[in-house]
Every structure is written in C-alpha cells, then in structure tokens.
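Novice: can you look at this prediction? I've put the sequence above it.
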Amino acid sequence: MVASSSRYTVEVFSATREGDEFVIRTEYLPNGSLASRCEQGTVPMKDFYTWFPAICRGVSFLHSKGILHRDIKPANVLFDKDLNARLCDFGLALLEGTQPDHASMAYLPTLTPESDSVATKAGDIYALGCLAYRMLFGEIEWKRQLRDSARGEKPLASLKKAAREGNFPNRTSFPPNVSKRLQRVLLRALDPNPAKRFTSVTELCEAVESAIPPVYWSLDTDNVGWVGESKMTNDNRIWRVRLSEGHIETKRSINGSQFRRVSKFCAPIGNLSDHRVLSEAFRNIENSVAK
C-alpha cells in the first residue's frame, strides 16, 4: 500500500500490529464510495469522464510499480473532500509474476475470462472495463445480469462461461448517452481475448479521454427526459430532450433563461428504436455545438 501511494490512491500513514490485530491508518475520505453512487443509478457523464480517467491513472501508477490491484470495483473507489476519485483496498493486490497464498483468486464478478487469478495487467484492464460498465449502466442492471449469468448448480462456472462468450456483461445495447466511440473503447477493454484488449491502462485512459463528447448527457431527475450540458465552461446552453407523442422534443436554455423548443432538432421517431432515435438527436446537437 505504501508503494502504491499516489495522488490517485488513498494515502497510508502507518501499519502496525496491536495485540492480535493489524491496524492500517489511512487518510479519511469524507464523500463515500463510487458504489453508493452506482446504487443510485447511472453516473452522470460529466462525472464519468472526470472520475474514470483518474481511476485509470491510479491503476496505471500501480502497474508502473509492478503491482496488480485485482480488486477493482465501485466499493474500492473513494472520494475526497473535493470529490476526487481515489483507489483503495489492496487486500488482493500482488506483484506481477507472483502468486502468494493470500490472494489465489481475485474479485469474482470481474474475473477475467482467461484466468481465475488475474496474474497480468490485462486482468486489471478487463476489470476497469467492468467498472466503466457499472458506472454507465448502474448497479441494478449490473446485479441483474450477474444473477442471470451465475445460475445453476455451478454458478461460478456459468459466470465464467458467460464471460468467455462475451455475454457478461451484455454488450449488445448501450444507453443512448454512451457514444459509439466510447462503446468501442469499452468493447475493447472487455474483449474476452486478452491479446485484443488495450496494451496498457494508459492507452485505455487516453482512448476514454479522446471519446469525450461536446455535450454531457444525463437522465433528468424525473427520468422522462435527458439533459445535455456543454463541456465548454464558457458555453451556457443546456438542452432537454425527450420522447413526446411519437416525436423527439428538444428544448434549449441559454444563460439560465426559460427553456424554448428548438424546432430543427424535432424529428419523428418512425420505426427506429427509442435508444437509436435519442442517440441520433444527441449527436445532431453535439455536431451543432462542435461547429
């Protein structure tokens, strides 16, 4: 844990033995874990593009020291007073190329399809893909898929089979606010074949950051529409997009003014799926912002 210390990991002050117990003293991070935010639903895209690259940098630093984390999940990401994401819990970590008795098996739900032990950096990259998936889909959907995949008399074997076949987690459909470019990044990180994943966490991080769209889209609080916020700090436009009576209804607010309909972004749904129509509406708005 001391060797893993960086601005992206929880700082360790001391580790001592008191009687029969070991006591590890770390800094206090007051804003809880990523797990509690995933439990509430999908992570807003603006937060995703802030937190996930930071988590990647933490894992990349570990890899530069020859350390595999092997337990990457929302519960092991904490937030400091400024809501910076920090990686923690090195109970299953080990040096690459070693197999200590304390950590013969890694975190089960994100076990790599190729191994039970997560003995290479490719295993952490796969787990980061699972972490991103949980942030973008929410914990309810993740746990539903986990239950469906780990069935029968041998649930772990069923889960491993689903992972090897690329069926867990499900890659066939993404929320409309996840761009095609980001989808391709996640599919590569989650590839059942480790040779086809990113060659390093740094490469994964750079791919995610290159996929940042001009507008961050998130579900509205009433869950009947979507809100878009420009990534440019000097752009004070906010969009609202929702399905309404067979059409896409798009409204825009400028500098906090009342939302008004933007007619050129209203389009009939036709025979397309709701997700595809919403996705196309988002891309149209993003193209207008980019211009």
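Specialist: Nice, I can see it. Keep in mind it's a predicted model, so treat the numbers as computed, not measured.

Novice: can you pull out the low-pLDDT segments for the stretch 151-291 of the chain?
Specialist: Scanning the stretch 151-291 of the chain for pLDDT under 70 picks out the ranges 222-223, 246, 263-273, 291.

Novice: quick check: the nearest residue to Ala3 once chain neighbours are set aside vs Ser6, distance?
Specialist: Nearest residue to Ala3 in three dimensions, chain neighbours excluded: Lys65, at 5.5 Å (Cβ to Cβ, 6 or more residues apart in numbering). Every C-beta, even on glycine, is put in place using the N, C-alpha and C of the backbone. According to Cβ to Cβ, to the nearest Å, Lys65 stands 9 Å off from Ser6.

Novice: buried residues in stretch 244-263?
Specialist: Across stretch 244-263, burial judged by 16 or more other Cβ atoms under 10 Å covers 248-252, 262.

Novice: in strands, which of the residues you listed appear?
Specialist: 248-252 (DSSP state E).

Novice: tabulate those (a markdown table), appending distance to Arg188.
Specialist: Formatted as a markdown table, those follow (distance: Cβ to Cβ, whole Å):
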| residue | distance to Arg188 |
| --- | --- |
| Ile248 | 30 |
| Glu249 | 35 |
| Thr250 | 32 |
| Lys251 | 36 |
| Arg252 | 34 |
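
Novice: and which of those residues is nearest to Glu11?
Specialist: The nearest member of these to Glu11, counting by Cβ to Cβ, is Arg252 at 43.8 Å.

Novice: returning to what we had before: of Lys65 and Ser6, which one has the most company?
Specialist: Taking neighbours as other Cβ atoms under 10 Å, Lys65 and Ser6 compare with Ser6 leading, 17 against 12.

Novice: returning to what we had before: could you measure from the residue nearest to Ala3 over to Met1?
Specialist: For Lys65, the distance to Met1 - Cβ to Cβ - is 11 Å.

Novice: now Ser230
Specialist: 40 Å.

Novice: try Asp80
Specialist: From Asp80 to Met1 the distance is 17 Å (Cβ to Cβ).

Novice: also Thr233?
Specialist: On the measure of Cβ to Cβ, Thr233 and Met1 end up 36 Å apart.

Novice: and if you look at Ser210?
Specialist: In terms of Cβ to Cβ, Ser210 sits 32 Å off from Met1.

Novice: tell me the contacts of the closest residue in space to Phe137 that isn't next to it in sequence?
Specialist: In this structure, Phe137 finds its nearest non-sequential neighbour in Thr42, 6.5 Å apart by Cβ to Cβ, 6+ apart. Counting by Cβ atoms under 8 Å, 6 or more residues apart in numbering, Thr42 touches 135-138, 175, 218-219.

Novice: among the residues you listed, which one sits closest to Pro113?
Specialist: Scanning these for proximity to Pro113, where the rule is Cβ to Cβ, the winner is Phe137, at 19.2 Å.

Novice: hmm, the closest one is touching Asn177, no?
Specialist: No: Phe137 lies out of contact with Asn177 (Cβ atoms under 8 Å); the separation is 11.2 Å.

Novice: so the two - more neighbours on which side?
Specialist: Here Phe137 and Asn177 are compared on neighbour count by other Cβ under 10 Å; more neighbours surround Asn177, at 25 against 22.

Novice: what helix or strand does that one sit in?
Specialist: Assigned by DSSP states H and E, Asn177 belongs to no helix or strand.

Novice: ok, the most centrally placed residue in the chain - contacts?
Specialist: Most central in the chain under Cα atoms, centre = their mean is Ala132, positioned 1.8 Å from the mean C-alpha point. Counting by Cβ under 8 Å, 6+ apart, Ala132 touches 48, 52, 186, 189, 208.
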